[in-house]
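Enquirer: here's a sequence, model it:
(chains A, B and C)
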Amino acid sequence: MTRPAAVLFVIAVLGAAAAAADIPLAQRKSGYEFMTRETRAMQDDDSANPATLSVLDAETLWQRKEGSAGKSCADCHGDARTSMRGVAARYPAFNAARGRPIDLEQRVNICRTEQQRATPLAFESKELLALTAYVGQQSRGMPIDIADDARIRPFLEAGRAMFIDRQGQLNLSCAQCHDDNWGQKLAGAAIPQGHPTGYPLYRLEWQTLGSLQRRLRNCLFGMRAVSYPYGASELVDLELYLMWRARGMPVETPAVRP
Amino acid sequence: MARALINAPAKAKRGEVIEIKTLISHIMETGFRPDSTGKPVPRDIITEFICKYNGEEIFRAELFPAIAANPFLTFFTVADETGTLNFEWSGDNGFTATQSVNITVE
Amino acid sequence: MTRDDGKLQRTRRRFLAETAALAGAAGIALPLAVEQTSATPESMRAAIKNIVGEAPLNKGKVKLDVPALIENGNAVPLTVSCESPMTQDDHVKAIHVFTEKNPQPNVIGARLGPRAGRASFSTRIRLADTQKIVAVAQMSDGSFWTDEVEVVVTLAACLEGS
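Expert: Numbers count the residues shown, from 1 in each chain, chains lettered A, B, ... in the order given. Take a look at the predicted model:
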């Protein structure tokens, strides 16, 4: 083999190894595909999906004047159906002022504190879930679009490390289930690939709407690993990695899951 | 004020059997779930649902704790006259909620 | 309750007498206060008897539609439908649903009538365990019809902790 060809060969092998964990787009499957017909029907019919009630609440919240600035979301953003179109598909996104990526919940609270001069909404509060569900729904059907650029790369790598490193009492990594064993059964339930295509979503287990961070904290608890508080940068890094890993898949927000 | 969602046709032909879908946000606390100290969280459920078509009751249901959170209830009626469909939910702790939709029958 | 009180009293007394006799025969002491955290087939039968009384329960006419395998018992879709012309003279008056292993046996009691057009309704229910679900339909002629299904309930793999 000639020198340049050998170098190319080595790079190709290394490149392949690094990308081995990444499921190719053609093989990416949403959690939707692992659900029963009946649960899918709940997601497909807005009049049967309990998350729709939260979205309706958000339509009202969007118009409500808040904080000492007395502004509503609509005052700056107008009709969410146009202004918010495609937004959730790009989150978590780099925030220059903070020098790091932030998720949609943090973005809403930045608007709350800096523009409306109101108190931030608590994580997992009905209002924050309703607003993120409403904004998320405006991207429904659009492909997740997280671009790997120089600014987010270190955080993407941090998130990826969290995903592939073994952790907790079970010495288990996320990748072991969701990259290597998706489709197999764990305690009677199919292991999905773990793509956050539909958050916030109505989880039958929770009997209410919940965020991706809530689900990640549940996973960490289930793995008997150290969890992180809501809003922790570790969780946002992981959210960023997971959304990047799901890039190209359509947004399903607000989804239903078992 | 609980949020309710009604899905019923706005228009129907006289004599047509139409499907009405209802969804309301409510925790439907069963009264059997233990709290962090082990004591059962007190029951808090919707106990009754009534649908009236131009003032006449067409469907009624008595609900028990076994009904899932955010009660989803669908049923049928014959579209026989233009008017209003009224929906009323009531339950523990004085809970009430109402909603109505109009229907044009031709 | 649309039942005749007198008849109900006799039914209850008869049920208690029968159960006491059974318990006595089996050497079981029945607790006087019925305080239970989980239903039993007996309490489901009692709940059904509350509606039906002494009338026979015929199999047929009513159909229970529940998925055979449930991935989460918190929200199980259920449809009950009845064959009936739904006319003034011949219609379904009520449909009741029961479970045998939930903490208590009643699920829902729906009142219909000729204005329903179709004797069918759907909802989502909670199921505590793999168990039997029973539907009882009451017709305008006073007859009762029933259907039952057995369902298997699995749970989510990773438990909620926070």
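
Enquirer: flag the shaky bits of the chain, pLDDT-wise.
Expert: Unless you meant another one, I'm taking chain A. For chain A, the stretches flagged by pLDDT under 70 are A:1-21.

Enquirer: actually chain B
Expert: In chain B (pLDDT under 70), the answer is B:1-2.

Enquirer: what about the longest strand seen in it, near chain C?
Expert: In chain B, ranked by residue count with DSSP state E as the criterion, the top strand is strand B:95-105. No. Strand B:95-105 stays clear of chain C (CB under 8 Å from any CB of the partner chain), getting no nearer than 12.9 Å. C-betas here are computed from N, CA, C, even on glycine.

Enquirer: where do the strands of the stretch 1-150 of chain A begin and end?
Expert: A:93-95, A:100-102 (DSSP state E, counting those that start in this stretch).

Enquirer: deepest of the ones you listed, which one?
Expert: Neighbour counts (mean count of other CB atoms under 10 Å in any protein chain shown) averaged over each of the strands of the stretch 1-150 of chain A peak at strand A:100-102, with a mean of 21.

Enquirer: parallel or antiparallel, list what pairs with that strand.
Expert: strand A:93-95 (antiparallel) (DSSP bridges).

Enquirer: torsion angles phi and psi at the spatially most central residue of chain B?
Expert: Within chain B, one residue has its C-alpha closest to the average C-alpha position: by CA atoms, centre = their mean, that is residue B:49, at 4.9 Å. With angles defined as degrees, to the nearest 10, residue B:49 sits at phi -130, psi 130.

Enquirer: doesn't residue B:73 make contact with it?
Expert: Yes. Applying CB atoms under 8 Å, one finds residue B:49 in contact with residue B:73, separated by 6.1 Å.

Enquirer: residue contacts, the nearest residue to residue C:59 once chain neighbours are set aside?
Expert: In space, and not counting its chain neighbours, residue C:59 is closest to residue C:146: 6.2 Å by CB to CB, 6 or more residues apart in numbering or on different chains. Going by CB atoms under 8 Å, 6 or more residues apart in numbering or on different chains, residue C:146 touches C:57, C:58, C:59, C:62, C:134, C:135, C:136, C:137.

Enquirer: check contacts around the third one.
Expert: Taking CB under 8 Å, 6+ apart as the contact definition, residue C:59 lies against C:145, C:146, C:147.

Enquirer: returning to what we had before: now the helix or strand hosting the residue nearest to residue C:59: buried residues?
Expert: Here residue C:146 is covered by strand C:144-153, with elements defined by DSSP states H and E. Within strand C:144-153, the residues scored as buried using 16 or more other CB atoms under 10 Å in any protein chain shown are C:144, C:145, C:146, C:147, C:149, C:151, C:153.

Enquirer: what's across from the last one in the sheet?
Expert: So the one you mean is residue C:153. Applying DSSP bridges to residue C:153, the residues it is bridged with are residue C:70.

Enquirer: wait, it touches residue C:129, no?
Expert: Yes. Residue C:153 is within contact range of residue C:129, at 6.0 Å (criterion: CB under 8 Å).

Enquirer: any shared contact partners between those two?
Expert: residue C:73.

Enquirer: returning to what we had before: nearest to residue A:232, of the contacts of residue C:59?
Expert: Within those, the smallest distance to residue A:232 is 51.4 Å, found for residue C:147 (CB to CB).
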